[in-house]
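1. Sequence and predicted structure are below.
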Amino acid sequence: MNSKFSRRSFVQHSSLAGLAALVSPAKALERFEIQTFELEEATITSMQEAMRSGKHTARSLCQAYLRRIDAVDRRGPTLRSVIETNPEAIAIAEGLDRERKAGRVRGPMHGIPVLIKDNINTGDRMLTSAGSLALAVRPALHDAFISNRLRAAGAVILGKTNLSEWANFRGRRSISGWSARGGLVKNPYALDRNACGSSSGTAAAIAASLAAAGIGTETDGSIVCPASANSLVGIKPTLGLVSRSGIIPIAHSQDTAGPMARTVTDAAILLSAIAGRDTNDPSSPPGPLSVPERGDYTQALVPNGLQGARVGVAGGSFRGYSRHADRLVSAAIEVMKAQGAEIIDDVEIPHANDYDDAEYTVLLYEFKADLNAYLVAIGSPHTLKTLIAFNEHNAAKEMPYFGQEHFTRAEEKGPLTDDAYVEALARCRRLSRTEGIDVPFAKHRLDAIVAPTGGPPWPTDLVNGDHFLGGSSSAAAVSGYPNITVPVGDAFGLPVGMSLIGKPWTEATLIKLAYAYEQAAQPRRAPRFLATANLTPG
């Protein structure tokens, strides 16, 4: 998670001034020479064609990606994006190859290697730890709902990805992408830059072609920010579209999982695989047909999807924190306009900055309640209270760079019946929904609101923590509405993304708009594994 309350502390206590200026142009051009990789930037569709033609099998795809992980993640630039590989991946792939040979293909994910974040349960030999040494003890007994969905769709879970420990909900001045178990994730575009968080490992791994696509999780920004920082498409779904059962929680009123991929098409395929009704998740709407947009999201992949669309451009605090992001998103808006979209400028989202404190209060209360319930469900001896003690006892390993203020503040909270929690949750829902995002959608009859997802990735600073300048994730995160980020280009070789925010259950509409933009602009560029950003003017 990369929540706004954390971001507020980033802005108040950190500054980028002078850091980038210390890097010489010569060093910026240093890069790791990576061996040519046949599957670099390969799509799910192209892999399926390769398996149909016999050029590849699920086994050979897994083997190729495992070699790539060894070359790029363990050696070479050492991204540290994959916290653990699946010792059963090859055997699973071989079983799927036998199914294909027998004439059974489960769908577009059949035999496709994917990576999932290390806060998602897998009932296999891999651990589920949220990057914490406290939970890196034994595997989960059962798959999370979405892990089971992936397996049923024929995907091969190749491994678990590193993350900001505890999904970036442990302490102030945290370092996105760092966990005690996995170390620091590096951004493959410039290795001294941050991959953003908390789905840092998924983002860096998929950007570097360590798997076909991946799964991240978000409470506030943790899918869209790392996707933006790594030139990926990331989908933060409507709350309830994707189950949270079996995922280490932060807050049930905002948590969700979602796809991260190099193309809109791959993200749509992956979302189709993981979306589904789960009776064990209270946010999952009753009845399989109760949500009209649930289903095959690849049907939304139409090249002329922007024709006649009404797109609002968020103004106010959603712009101005990064001139590079503003410039790139403005250029993307011109592309959308050229593709037939009607653009409504300077759209105001009321109260966008009025629920920061209430959000933090909600997260503290829900984290304590939800984490303790999760720990009981998996049979862990821990509680939030004992985790705090564990971190203190193992401070040299667990807290060398930042502390656990969010943990201790959450432990001080009472039950979810407390007036302070009930009032904060009501404030968040009212100001983010009916008096927030709903207002411009109704006023301007919009299909989506666009804004910069965030600025170019910042230099990682282990001493002072993250240098986050701004972002647009909170409006969709707090309301529970969908948000898709798509690449729009780069500044000094550093990726920038644009978010498309919609009303609930309009994932198909957002995918249609994002796909049409992507096909017209072709904005993604593969990473070059530079030592640092190329700051040479011109």
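-> Looks like it came in fine. Numbering: from 1, shown residues only.
2. Low-confidence regions, the stretch 1-150 of the chain specifically.
-> Within the stretch 1-150 of the chain, the segments meeting pLDDT under 70 span 1-29.
3. Just want the most central residue of the chain.
-> Relative to the mean C-alpha position of the chain, the nearest C-alpha, by Cα atoms, centre = their mean, is the one of I223, at 1.8 Å.
4. measure that one to G154 for me?
-> Applying Cβ to Cβ, to the nearest Å, the value for I223 to G154 is 23 Å. Every C-beta, even on glycine, is put in place using the N, C-alpha and C of the backbone.
5. try S200
-> Separation of S200 from G154 (Cβ to Cβ): 27 Å.
6. and those two? which has more neighbours close in?
-> Under the criterion of other Cβ atoms under 10 Å, the comparison of S200 against G154 puts S200 first, with 38 against 22.
7. Isn't the more buried one up against V185?
-> Yes: the pair S200 and V185 qualifies as a contact (Cβ atoms under 8 Å) at a distance of 4.1 Å.
8. Which neighbours do the two have in common?
-> The contact sets of S200 and V185 overlap at 81, 162-163, 177 (Cβ atoms under 8 Å, 6 or more residues apart in numbering).
9. and the lengthiest helix in the chain, average pLDDT?
-> Determined from DSSP state H, the single longest helix within the chain is helix 356-377. For helix 356-377, mean pLDDT rounds to 98.
10. Could you list the buried residues of that helix?
-> Neighbour-count burial for helix 356-377 flags 356, 358-372, 374-375 (criterion: 16 or more other Cβ atoms under 10 Å).
11. before we move on, back to that, looking at the shared contacts of S200 and V185, spot the one nearest M109.
-> S81 (21.1 Å; Cβ to Cβ).
12. from what I can see the closest one touches S199, true?
-> No: assessed by Cβ under 8 Å, S81 is found out of contact with S199, at 10.3 Å.
13. Which one of these two is surrounded by more residues?
-> S199 (42 against 33).
14. you'd agree the more buried one is up against I223?
-> Yes: with contacts counted by Cβ under 8 Å, S199 reaches I223, the gap being 5.6 Å.
15. Quickly list what's touching both of these two.
-> Common neighbours of S199 and I223 (criterion: Cβ under 8 Å, 6+ apart): 216-217, 234, 260.
16. Can you flag which of those belong to helices?
-> Among those, no member falls in helices (DSSP H).
17. Which of these sits closest to K337?
-> G234 (23.8 Å).
18. and the closest residue to the closest one other than its chain neighbours, which of the three is it?
-> The shortest distance from G234 to any non-neighbouring residue, by Cβ to Cβ, 6 or more residues apart in numbering, is to A227 (2.9 Å). Using DSSP: H, G, I helix; E, B strand; the rest coil, the structure places A227 in helix.
19. With the one 4 residues further on instead?
-> The three-state label given to S231 by three-state DSSP is coil.
20. how about it, what does it touch?
-> If a contact means Cβ under 8 Å, 6+ apart, then S231 has 189, 207, 262, 487, 490, 495, 497, 523-525, 527 as its contacts.
21. go on, R445?
-> So R445 contacts R310 (Cβ under 8 Å, 6+ apart).
22. quick one: it and I437, what's the gap?
-> 14 Å.
23. if we can go back for a sec, now which of the contacts of S231 would you call buried?
-> 189, 207, 262, 487, 490, 495, 497, 523-524, 527.
24. Let me know the closest of these to G379.
-> Taking Cβ to Cβ as the measure, A207 is the one of these closest to G379, at 35.8 Å.
25. what about the residue nearest to the closest one when sequence neighbours are not counted, how many neighbours?
-> Counting by Cβ to Cβ, 6+ apart, A207 lies nearest to N230, which is 3.8 Å off, once chain neighbours are set aside. Neighbour count of N230, defined by other Cβ under 10 Å: 32.
26. In stretch 134-151, which residues are buried?
-> Judged by neighbour count (16+ other Cβ under 10 Å), stretch 134-151 contains these buried residues: 134-136, 140, 143-151.
27. what's the answer for stretch 516-524, then?
-> 516-521, 523-524.
28. ok, now stretch 377-390?
-> Neighbour-count burial for stretch 377-390 [16+ other Cβ under 10 Å]: 378, 380, 382, 384, 387-388, 390.
29. Could you do stretch 269-281 as well?
-> Quick answer for stretch 269-281 (16+ other Cβ under 10 Å): 269-278, 281.
30. Can you name the residues in contact with it?
-> Contacts of stretch 269-281 (Cβ under 8 Å, 6+ apart): 44, 107-109, 114, 145-146, 149-150, 153, 155, 213, 215, 235, 237, 240-245, 257-259, 261, 284-288, 294-298, 507, 511.
31. if we go to 7 Å?
-> Outside stretch 269-281, the residues that touch it by Cβ atoms under 7 Å, 6 or more residues apart in numbering are 44, 108-109, 145-146, 149-150, 153, 155, 213, 215, 235, 237, 241-245, 257, 259, 261, 284, 288, 294, 296-298, 507.
32. What separates the first and last residues of it, distance-wise?
-> End-to-end distance for stretch 269-281, by Cα to Cα, to the nearest Å: 22 Å.
33. Could you export stretch 150-162 as CSV, CA atoms only?
-> Presented in CSV, the C-alpha positions along stretch 150-162 are these (Å, rounded to 0.1, in the frame of the first residue of the first chain):
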residue,chain,number,x,y,z
LEU,A,150,-5.6,-18.7,-11.4
ARG,A,151,-5.0,-22.4,-11.2
ALA,A,152,-8.5,-23.2,-12.5
ALA,A,153,-7.8,-20.9,-15.5
GLY,A,154,-4.7,-22.9,-16.3
ALA,A,155,-2.1,-20.3,-15.1
VAL,A,156,1.2,-21.5,-13.7
ILE,A,157,2.0,-19.6,-10.5
LEU,A,158,5.7,-19.3,-11.1
GLY,A,159,6.6,-17.6,-7.8
LYS,A,160,5.9,-14.9,-5.2
THR,A,161,7.0,-11.3,-5.6
ASN,A,162,8.7,-9.1,-3.1
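34. Mind listing what's buried along it?
-> 150-151, 153-162.
35. tell me which element T45 is part of?
-> helix 44-53 (DSSP states H and E).
36. State the next helix or strand along the chain beyond that helix.
-> Next along from helix 44-53, by DSSP H and E: helix 58-68.
37. coming back round to it: now tabulate the contacts of S231 in a markdown table and tack on distance to N119, secondary structure and pLDDT.
-> As requested, the contacts of S231 are exported to a markdown table (distance: Cβ to Cβ, whole Å; DSSP: H, G, I helix; E, B strand; the rest coil; pLDDT from 0 to 100):
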| residue | distance to N119 | secondary structure | pLDDT |
| --- | --- | --- | --- |
| Y189 | 25 | coil | 98 |
| A207 | 20 | helix | 98 |
| R262 | 22 | coil | 98 |
| P487 | 25 | strand | 98 |
| D490 | 29 | strand | 97 |
| P495 | 24 | strand | 98 |
| G497 | 22 | strand | 98 |
| P523 | 29 | coil | 97 |
| R524 | 26 | coil | 97 |
| R525 | 29 | coil | 97 |
| P527 | 24 | coil | 97 |
